[in-house]
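J.: predicted coordinates and the sequence they were generated for:
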Amino acid sequence: MAASTLTEVARLAGVSPATASRVLNGSARTPGKDIADRVRQAAESLGYIPNAQAQGLAKSSSGLIGLIVHDIADPYFSAIARGVQEAAREQRKMVLLASTEGAPESEKEAVAAFAARRADSIVIAGSRMSRPEDRAGNAELAAELDRYCRNGGQVAVVGHAVIGASAAEGYHVVQVPNEELAAELAAELAATRGGDFVIIGGPAGLLTSDDRIRGFQEGLKAAGRPAAEVLRTDFNRSGGYDAGLTLAARIKAARSAGTTAAEGDPPPAATSAGSTKPLCIFAVNDVMAIGAAAALRSQGLRIPRDATVAGFDDIETLRDFRPALSTVRLPLEEIGRQAARSAAGRDSDGAALTPVTGQVTLRRSTETVA
């Protein structure tokens, strides 16, 4: 059966289509109560469904927030999405979601789709890429966002500003102190760990990963410790697992060398020549740390006896992870809420938006084993 039209509603109510539209699409210019009631009764009897785009035009607001994430299955992004959804509910808006795997070209397509649906604002969560091969994609994304902002749209970005964006108004950045917090984590680990450090990082040019690597190295330097080796891999659990296998092979080789050098003595949990202290592994996000820990266990190694592991983000998944993972706790849901609210520049209570903070949280995975 064909859907009822606005013209049919107007005919049944005995009013013009323009009057019916003002009633049903939320225009500020509304007729008297008796006429409005007749229009609504006619719409209900016909099963009429209002056109969302027409409502958006009448109200100068679509009631939509576009959310772009790299991977909604990643607990980091799902937590941020939950915060965006909560803020949208407060604003009586709906969230449109695009999961793009971090490709600027896919993000550009998502922005264009949201703009075509007249989304009131767009939230982008996910690290920016500054690699040469991403230059063209970044330029296209920036141009699409500039066009959206020039037409009255508002954009909130978590972490870093959009590379190449030039619009004077409409951009808001929810900054996350990744570098500072990574430095704090390194300082606390260096105070209690005597072994070598290794960083499992994402691809070079991934800005969030680079910030956390740089901060951790600065924290080690301030503590008088040598710089950590950096293993570059994919910014996900599989990347962490691959790096963990590499490190497990090193640990086992060093242990074997120590046993050969001193047969009959307990084999040291060595990780490099001359070291008998467990290797301390810092993965720049929690899912990479989980992958690395799984790889170590698959090779018969135990945490924290044979190696210690720390991550970053404090995703909800860690509640069930054993041994409990040391990490940097970020208020991920609050970050999502702030991003959704920041298009207006204020929070829902009218107070200025508060800076994002985090907390180093040391747990069993980096404890010293006697």
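T.: Yep, that arrived.

J.: contacts and neighbour counts: CA atoms only from here.
T.: Noted.

J.: using the three-state scheme, assign Val328.
T.: Following DSSP: H, G, I helix; E, B strand; the rest coil, we place Val328 in the strand state.

J.: lowest-confidence helix or strand of the chain?
T.: Every helix and strand in the chain was compared by mean pLDDT, DSSP states H and E; the lowest is helix 52-59, with a mean of 53.

J.: next SSE after it?
T.: Following helix 52-59 in sequence order, the next helix or strand is strand 64-69 (DSSP states H and E).

J.: ok, that following strand: who's next to it in the sheet?
T.: strand 94-99 (parallel), strand 121-125 (parallel) (DSSP bridges).

J.: what residues does that strand touch?
T.: 77, 81, 84, 88, 93-102, 107, 110-111, 114, 118-126, 340 (Cα atoms under 8 Å, 6 or more residues apart in numbering).

J.: now do the helix or strand just after it against strand 121-125, angle only.
T.: Downstream of strand 64-69, the first helix or strand assigned by DSSP H and E is helix 75-90. Computed by axes from the mean of the first three to the mean of the last three Cα atoms, to 10 degrees, the angle separating helix 75-90 from strand 121-125 equals 160 degrees.

J.: okay, the strands paired with strand 64-69 in a markdown table with mean neighbour count, mean pLDDT and distance to Ala295 next?
T.: Formatted as a markdown table, the strands paired with strand 64-69 follow (neighbours: other Cα atoms under 10 Å; pLDDT from 0 to 100; distance: least, Cα to Cα, whole Å):
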| stretch | mean neighbour count | mean pLDDT | distance to Ala295 |
| --- | --- | --- | --- |
| strand 94-99 | 18 | 94 | 28 |
| strand 121-125 | 28 | 95 | 28 |
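
J.: so can I have JSON lines of those showing distance to Val39?
T.: Below are these laid out as JSON lines (distance: least, Cα to Cα, whole Å):
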{"stretch": "strand 94-99", "distance to Val39": "26"}
{"stretch": "strand 121-125", "distance to Val39": "32"}
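
J.: for those, which one sits closest to Asp34?
T.: Closest approach to Asp34 among these is made by strand 94-99 (30.8 Å; Cα to Cα).

J.: quick check: what element follows that closest one along the chain?
T.: Remark: after strand 94-99, the chain's next helix or strand is helix 104-116, criterion DSSP H and E.
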